[in-house]
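J.: Could you look at this predicted model? Sequence included:
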Amino acid sequence: MRRISIDAFGMNHPKETAFAATRRRRTPWYLSRPRLLTTCVFFAVLYLWLKLGDTTVPIPEDSYALVEDESLKDILNTTLGFQKILVLNLPYRTDRRDSMALAAATSNIKLDYVDGVTGESINQKAYPPPDENIKLREGIKGSWRTHMNAMQRVVEQNLTTALIFEDDVDWDVRVRANLQRFALASRFLSENKESLSSKYKIENVPNTETSETMFHMLSPNGITDYLPSMPLSSIGTKGRHYPKHKHHDSPYGDPTKWDILWIGHCGAGFPRHPPTSSSKSPLTTSNLILTHSNDATVPISKYLKSHPFQDALDPLAPAYPPHTRIYHHATGGTLCTVGYAVSQRGARRLLHQFGLKHWNNIYDAEMGRWCASEDEKEDKEGKEYRGMERVCLTTQPPIFAHHHPLNGESDIGGLGGGYARKYETKYLRYSVRMNLERLVQGSRDGGGLVDQWPDD
Ligand SMILES: *[C@@H]1O[C@H](CO)[C@@H](O)[C@H](O)[C@H]1NC(C)=O
Ligand SMILES: *[C@@H]1O[C@H](CO)[C@@H](O)[C@H](O)[C@H]1NC(C)=O
């Protein structure tokens, strides 16, 4: 029977089936019972094959394995699928540039540099409103200006996308595999705006974030009771639910539809309700969480902390099973700007907001509030929420994280500066920086490298 179904009905060549059937029309061969059964089974299998093949992304289980998909191929290039990678570096920190150059070289990554500036070097006339920002610490001012210089470069050079790195950034040796999986998520999360409830099977996971565990850069309003979640593997690369990937697009999704991909951070909140909606508003990608379970690049729960003095674990740890990575909109606050991508649209918006209009806080907190639309809610002119669209996407744990070297302090300081630093990189298991000597000595991916956060 199995042989018949393959040979006579051309299972391997679906196009021949119609031909074969036409040719034999006069003989009612298909009316005999066993054959009718075979025919039904064949069409059922064909249907399932087409349907599943059309909507399921074959994401390999192996965390080193790349996703075989033409549209994700550019992520394997030397700029990780972005048009450029810009590294922020103060020219006198040659130590950091040495380390950065080596880390990038071992991962076959090509970098461009943006010179960092110190707060002292900025002319008072060059600050946007309000005037109080002149009183901020010099380090905070220098960091803001350095990020603005990067935005200026992206706008002036008309880059469609750019990845911005602070010069103590670190990544796992599996960075390209991580980014491919992120790209599947970012395409979906940036492009599907309509209600999702009817199309997908969504699980409501109880939210573990509270007004105690959240970052206090945002108000506690909008913390949800549940985290609507669904597996990344259910969205499909080519399926009915996913818009056809256009070749001129970025592999991360159409860059005219997203602003920031906040993939390097030191903590992110879960998505909040948008300011205008209520808890009964329809579920869209703005509050959805995509999950990727059994991701071996994710450390077990007890290591999910962005710094040693953090009281509780990240809310990710109690909310999802160990080794789960999640992807979502960054509307719940995000800290540290160690690695983030901007589109041309995003760079223009950030340069307008923080270069011209208003800047008065540590840059990461400002960008976090911008992604959460919090600045609009508290607009000084007393205008109501205008609903300006911002699309910032993130993943937890981050794909890029701060490396704390043996003896070093960050000059481009974010929040959390000043605590005791260990020699480590949070969140990254096969960290490139922690394995730099082994990599320089010739260890290949996986072989002889040290896992910083091993499973018990
Ligand atoms: C890498 O891919 C991106 C996205 O297609 C492209 O813009 C960029 O130019 C490529 N970089 C290199 C070095 O080929
Ligand atoms: C900027 O790039 C876009 C497409 O990426 C192009 O249409 C536009 O003409 C470019 N503008 C300039 C000033 O080069």
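T.: Cool, got the structure. Ligands and ions are numbered 1, 2, ... in the order given.

J.: I'd like to know how many residues surround the closest residue to residue 120 other than its chain neighbours.
T.: Nearest non-adjacent residue to residue 120, counting by Cβ to Cβ, 6 or more residues apart in numbering: residue 138, 5.7 Å away. C-betas here are computed from N, CA, C, even on glycine. If you count neighbours by other Cβ atoms under 10 Å, residue 138 ends up with 13.

J.: and residue 138, what does it touch?
T.: Taking Cβ atoms under 8 Å, 6 or more residues apart in numbering, we find residue 138 in contact with 118, 119, 120.

J.: What of residue 285?
T.: 188, 189, 190, 191, 192, 193, 196, 329.

J.: what about 10 Å?
T.: Neighbour list for residue 285: 185, 188-196, 271, 328-329, 391, 393 [criterion: Cβ atoms under 10 Å, 6 or more residues apart in numbering].

J.: circling back: backbone phi and psi for the residue nearest to residue 120, please?
T.: Main-chain torsions, residue 138, degrees, to the nearest 10: phi -60, psi -40.

J.: Pull up the gap between it and ligand 1, please.
T.: Distance, residue 138 to ligand 1, using Cβ to the nearest ligand atom, to the nearest Å: 36 Å.

J.: before we move on, what about residue 403?
T.: Going from residue 403 to ligand 1 by Cβ to the nearest ligand atom gives 24 Å.

J.: So what's the residue count around that residue?
T.: Going by other Cβ under 10 Å, the residues that sit close to residue 403 add up to 26.

J.: got the phi/psi numbers for it?
T.: Here is the backbone geometry of residue 403 (degrees, to the nearest 10): phi -100, psi 130.

J.: Hmm, residue 170 and it touching each other?
T.: Yes: counting by Cβ atoms under 10 Å, residue 170 is a contact partner of residue 403 at 3.8 Å.

J.: Tell me the pLDDT of residue 310.
T.: What the model reports for residue 310 is a pLDDT of 81.

J.: same deal with residue 408?
T.: pLDDT for residue 408: 57.

J.: Residues of the stretch 1-150 of the chain that sit close to ligand 1?
T.: Selection of the stretch 1-150 of the chain residues close to ligand 1 by Cβ under 6 Å from any ligand atom yields 74, 77, 78, 79, 81, 83, 110.

J.: how about 5 Å then?
T.: Proximity of the stretch 1-150 of the chain to ligand 1, by Cβ under 5 Å from any ligand atom, involves residues 74, 77, 78, 79, 81, 83.

J.: Run a quick neighbour tally on the first one.
T.: For residue 74, the count of nearby residues is 15 (other Cβ under 10 Å).

J.: ok, it - contacts?
T.: By Cβ under 10 Å, 6+ apart, the contact list for residue 74 reads 80, 81, 82, 183, 250, 251, 252.

J.: Look up phi and psi at it.
T.: Residue torsions, per degrees, to the nearest 10, at residue 74 are phi -60, psi -20.

J.: can I assume residue 201 is in contact with residue 283?
T.: No: in terms of Cβ under 10 Å, residue 201 does not count as a neighbour of residue 283; the distance is 12.0 Å.

J.: neighbour-wise, which of those two wins?
T.: Neighbour tally, residue 201 and residue 283, criterion other Cβ under 10 Å: the higher count belongs to residue 283, 15 against 7.

J.: Need the pLDDT of the more buried one.
T.: You'll see residue 283 listed with a pLDDT of 86.

J.: now swap in residue 267 and tell me
T.: Residue 267 is assigned a predicted lDDT (pLDDT) of 94.

J.: count of residues packed around it?
T.: The number of residues packed near residue 267 is 27, by other Cβ under 10 Å.

J.: Quick check: the gap between residue 388 and residue 259.
T.: Using Cβ to Cβ, to the nearest Å, residue 388 is found at 11 Å from residue 259.

J.: which stretches of the stretch 301-450 of the chain form strands?
T.: Per DSSP state E, counting those that start in this stretch, the stretch 301-450 of the chain carries strands over the ranges 325-329, 339-343, 392-396, 400-404, 424-425.

J.: Actually, the stretch 101-250 of the chain.
T.: For the stretch 101-250 of the chain, strands defined by DSSP E, counting those that start in this stretch occupy the ranges 112-115, 161-166, 169-171, 203-206, 226-231.

J.: need those in CSV with distance to residue 368 and mean pLDDT, can you?
T.: Shown next, in CSV, are these (distance: least, Cβ to Cβ, whole Å; pLDDT from 0 to 100):
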stretch, distance to residue 368, mean pLDDT
strand 112-115, 21, 98
strand 161-166, 15, 98
strand 169-171, 18, 98
strand 203-206, 23, 95
strand 226-231, 19, 95
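
J.: Now mean neighbour count too, for those strands, in JSON lines please.
T.: Listed next are the strands of the stretch 101-250 of the chain as JSON lines, based on neighbours: other Cβ atoms under 10 Å:
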{"stretch": "strand 112-115", "mean neighbour count": "15"}
{"stretch": "strand 161-166", "mean neighbour count": "26"}
{"stretch": "strand 169-171", "mean neighbour count": "27"}
{"stretch": "strand 203-206", "mean neighbour count": "13"}
{"stretch": "strand 226-231", "mean neighbour count": "18"}
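
J.: what ranges do the helices span in this protein?
T.: Along the chain, counting by DSSP state H, helices occupy 2-7, 14-23, 33-55, 94-106, 138-156, 175-191, 316-319, 344-350, 363-371, 374-377, 436-440.

J.: what's near enough to touch the nearest residue to residue 450 once chain neighbours are set aside?
T.: Leaving out its chain neighbours, the residue that sits closest to residue 450 by Cβ to Cβ, 6+ apart is residue 435, at 5.9 Å. Applying Cβ under 10 Å, 6+ apart to residue 435 gives the contacts 103, 106, 172, 173, 441, 443, 448, 449, 450, 451, 452.
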